[in-house]
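Peer 1: What follows is a predicted structure for the sequence shown.
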Amino acid sequence: MSSRYIEEVQLINFQDHADTTINFTNGINLIVGSSDAGKSAVLRALNYVFHNSMKGDSFIRVGTSECSVRVKFSDNIEVTRIKGGDVNSYILKDIDGNNHTYSKVGQTVPEPVRKALGDPPLDDKKKPISYADQMSSLFLVDLSPTDLPRTLSELTGIQNLQTAAELLQKNSRSFDRSIKDKNEKNDKLKINLENYSYVDNDLEKIQDIESKLKVIEQDNEKVKLARGFIEVNNEIAKEAKKIKESLAKDKIILDIKENFNSLNESFQLFAKAKSYFQIHATYIKEYKKKKAEADTLELFLSEENKNNFTSMSDKLQKANKAESYLNKNNNLSEKIDGLKVNITKEKNKATQLKKDLKELKEQLQSSGNWCDACDRPLIENE
């Protein structure tokens with residue numbers, strides 16, 4: 001890729017040039033012409049655009065009031081310097097073809113224009129380096145013994161090399177001292193490491209201990225799992241014991257049910273006895289009535305009445321016994337009613353216990369803690 005270069009320069013009303021366009025190529029370009037043909041004017045025009053170095057308006061062509069110098073680069077960027085009348089400006093045409101005008105230019109080149117020109121170099125006196133026209137003093141020849149080495153150094157870069165060499169020498173000495181210090185520290189560390197030669201053996205022992213500790217930790221985990229399993233089985237055993245107790249209660253309830261059936265039969269017999277007792281109670285009333293009449297009428301004198309009284313007395317005794325049986329029957333009926341209520345409650349409890357027992361059995365079977373062969377939970381021996 002070729003480097004950037006000045007492709008074209010146009011001078012309008014600049015010194016002796018009314019309208020002159022000069023094309024350049026990449027590399028060295030030679031301008032040839034007779035005296036006063038305007039060769040130096042081209043250099044001045046370039047210097048004017050790059051450094052804004054010319055003051056006043058003496059370089060404007062006689063008979064005109066405004067001049068311009070346009071510099072086009074190989075990347076199509078153009079910079080035009082215009083001066084005359086009320087105009088004192090730079091026009092920058094960027095790579096995209098957009099124009100940017102900077103008016104009322106002072107002593108320096110506007111920053112965007114200077115960057116577009118490639119930051120033209122200046123010496124410490126703010127003058128272009130290696131520039132001289134026919135009116136200037138000879139390049140390098142007229143320099144003082146003090147300025148000549150400085151200028152040569154700036155042109156060739158020797159001063160930068162000397163500065164770099166001095167910096168490298170300084171850094172080299174610093175690195176030498178640093179290396180020496182580090183070597184001394186390294187030697188001391190080697191000596192100190194000899195005092196810790198036993199560490200390798202101890203490291204192997206530590207690694208062996210760590211491996212054993214890992215085994216112990218694994219065993220502890222197994223023990224924890226076993227303990228948890230035992231605790232679960234103990235809980236299951238407690239629940240099974242409760243279930244057994246509930247089953248025993250169920251058996252008692254079943255026995256009570258059988259007794260209740262027997263009592264029911266007795267109750268039916270008592271009901272029949274009650275009807276007999278009611279008949280006997282009627283006889284007793286009649287007996288008392290007859291006896292009262294006998295006492296009144298003095299019917300005791302006849303043998304027949306005595307026999308009747310004797311018969312009524314027997315009936316009265318039987319009636320009293322019947323009344324006693326009736327009272328006992330009433331008490332028994334109350335007890336039977338209470339027993340029925342208790343039996344109903346026990347039946348409900350038995351139904352719930354059976355349901356809980358079935359759910360617990362299903363849980364034990366799903367967890368593998370139920371023996372199907374013996375139909376009971378697996379209980380750990382205490």
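Peer 2: That came in fine, so what should we check first?

Peer 1: buried set for the helix or strand harbouring residue 150?
Peer 2: Residue 150 belongs to helix 147-156 when assigned by DSSP states H and E. By neighbour count on 16 or more other C-beta atoms under 10 Å, the buried set for helix 147-156 is 151, 154. Heads up, the C-betas are built off the backbone N, CA and C, glycines and all.

Peer 1: Stretch 336-356 now?
Peer 2: Buried residues in stretch 336-356, counted by 16+ other C-beta under 10 Å: 346, 350, 353.

Peer 1: Could you give the backbone dihedrals for residue 371?
Peer 2: Torsion angles at residue 371 (phi, psi; degrees, to the nearest 10) stand at phi -90, psi 110.

Peer 1: Tell me what it is bridged to.
Peer 2: Note on residue 371: beta-bridge partners by DSSP bridges are residue 376.

Peer 1: on that earlier part again, next SSE after the helix holding residue 150?
Peer 2: Once helix 147-156 ends, the next helix or strand along the chain (criterion: DSSP H and E) is helix 158-194.

Peer 1: Show me what that following helix is packed up against.
Peer 2: helix 147-156 (3 or more C-beta pairs under 8 Å, 6 or more residues apart in numbering; DSSP states H and E).

Peer 1: For the helix it packs on, give the mean pLDDT please.
Peer 2: Throughout helix 147-156, pLDDT has a mean value of 74.

Peer 1: And for stretch 194-209?
Peer 2: For stretch 194-209, mean pLDDT rounds to 79.

Peer 1: Using CSV, list the CA coordinates for the helix holding residue 150.
Peer 2: The C-alpha coordinates for helix 147-156 follow below in CSV (Å, rounded to 0.1, in the frame of the first residue of the first chain):
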residue,chain,number,x,y,z
ASP,A,147,22.5,24.5,16.5
LEU,A,148,24.1,22.2,14.0
PRO,A,149,24.4,19.1,16.2
ARG,A,150,20.9,19.6,17.6
THR,A,151,19.4,20.0,14.1
LEU,A,152,21.3,16.9,12.8
SER,A,153,20.1,15.0,15.8
GLU,A,154,16.5,16.0,15.2
LEU,A,155,16.7,15.1,11.5
THR,A,156,18.4,11.7,12.0
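
Peer 1: any idea of the angle that helix forms with helix 158-194?
Peer 2: Interaxial angle of helix 147-156 relative to helix 158-194 (axes from the mean of the first three to the mean of the last three C-alpha atoms, to 10 degrees): 70 degrees.

Peer 1: just how off-centre is helix 147-156 within its chain?
Peer 2: In terms of C-alpha atoms, centre = their mean, to the nearest Å, the centre of helix 147-156 is found 65 Å from the chain centre.

Peer 1: So which elements touch that helix?
Peer 2: Using 3+ C-beta pairs under 8 Å, 6+ apart: helix 147-156 touches helix 158-194.

Peer 1: Tell me which residues of the helix it packs on come out buried.
Peer 2: Within helix 158-194, no residue counts as buried by 16+ other C-beta under 10 Å.

Peer 1: continuing past that helix, what's the next helix or strand?
Peer 2: Scanning forward in sequence from helix 158-194 by DSSP H and E, the next helix or strand is helix 199-297.

Peer 1: what's the angle from that next one to helix 158-194?
Peer 2: 60 degrees.

Peer 1: Can you spell out which helices and strands pack onto the very next helix or strand once past helix 199-297?
Peer 2: Taking DSSP H and E as the definition, the helix or strand that follows helix 199-297 towards the C-terminus is helix 303-367. With contacts taken as 3+ C-beta pairs under 8 Å, 6+ apart, helix 303-367 sits against helix 199-297.

Peer 1: by contact count, what packs against the helix it packs on?
Peer 2: helix 303-367, strand 376-377.

Peer 1: so can I have JSON lines of those showing mean pLDDT?
Peer 2: Shown next, in JSON lines, are the helices and strands packed on helix 199-297 (pLDDT from 0 to 100):
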{"stretch": "helix 303-367", "mean pLDDT": "78"}
{"stretch": "strand 376-377", "mean pLDDT": "74"}
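
Peer 1: Thanks a lot, catch you later.
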